[in-house]
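**Student:** structure of the sequence below:
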Amino acid sequence: DALFKRQAGYDALKRKDVEWVLFQHDDHLYCPANPYPQGNVDVLAPRRYTRARSSVEEPLNDGSGYGYVNGHAVLMRPSCFERGFSWAQIPPIHQWDIAMTQRLGQLELTWALAPNLRVFDLEYGSEPWK
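**Tutor:** Numbers count the residues shown, from 1 in each chain. Below is the predicted model of the structure:
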């Protein structure tokens, strides 16, 4: 239901004149120490990490090595929705982040990895490195 919740959240957003909207899984934390997002793109994909095995940040798959936008956390400009993007258009499959990236391409929306922005997987008892 992540896709439905993301679309409902955007639809309920009272002020759509913001520069960025953050969408993230409920078991992730957008790092409070992140700088303000910068980029001349429509979508920014933060790097994904965990501290589940130690206090050292361990990088996780965030799509960057495979050419797709990380579905765990993503920053989008409201103009993406004005240009036709809708979370409801993304098929509710396991790898919906790949389908989302394809949809961004169909709409000619630009995206980039944001290596200076971090998000942490906090799911208790999980093994996100597998």
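**Student:** where are the low-confidence patches of the protein?
**Tutor:** 124-127, 129 (pLDDT under 70).
**Student:** same thing but 50
**Tutor:** Across the chain, nothing is flagged by pLDDT under 50.
**Student:** what about residue 118, neighbour count?
**Tutor:** Residues near residue 118, counting by other C-beta atoms under 10 Å, number 19. For every residue, glycine as well, the C-beta is placed using N, CA and C.
**Student:** and the residue nearest in space to the middle of the chain, what does it touch?
**Tutor:** What sits nearest the mean C-alpha location of the chain, by C-alpha atoms, centre = their mean, is residue 74, with 1.9 Å. Neighbouring residues of residue 74 by C-beta atoms under 8 Å, 6 or more residues apart in numbering: 22-24, 43-46.
**Student:** all strands of this protein, in order?
**Tutor:** Ranges of strands within the chain are 21-24, 28-30, 43-50, 58-59, 73-76, 111-121, based on DSSP state E.
**Student:** of those strands, which stretch is the most buried?
**Tutor:** Of the strands of the chain, the one with the most neighbours on average (mean count of other C-beta atoms under 10 Å) is strand 73-76, at a mean of 24.
**Student:** pull that strand out as CSV, backbone CA atoms only.
**Tutor:** Taking C-alpha atoms only, strand 73-76 is exported to CSV below (Å, rounded to 0.1, in the frame of the first residue of the first chain):
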residue,chain,number,x,y,z
ALA,A,73,13.1,7.5,-0.2
VAL,A,74,12.8,10.0,-2.9
LEU,A,75,12.5,13.8,-3.2
MET,A,76,10.2,15.0,-5.9
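**Student:** closest to residue 100 among the contacts of residue 74?
**Tutor:** residue 43 (9.1 Å; C-beta to C-beta).
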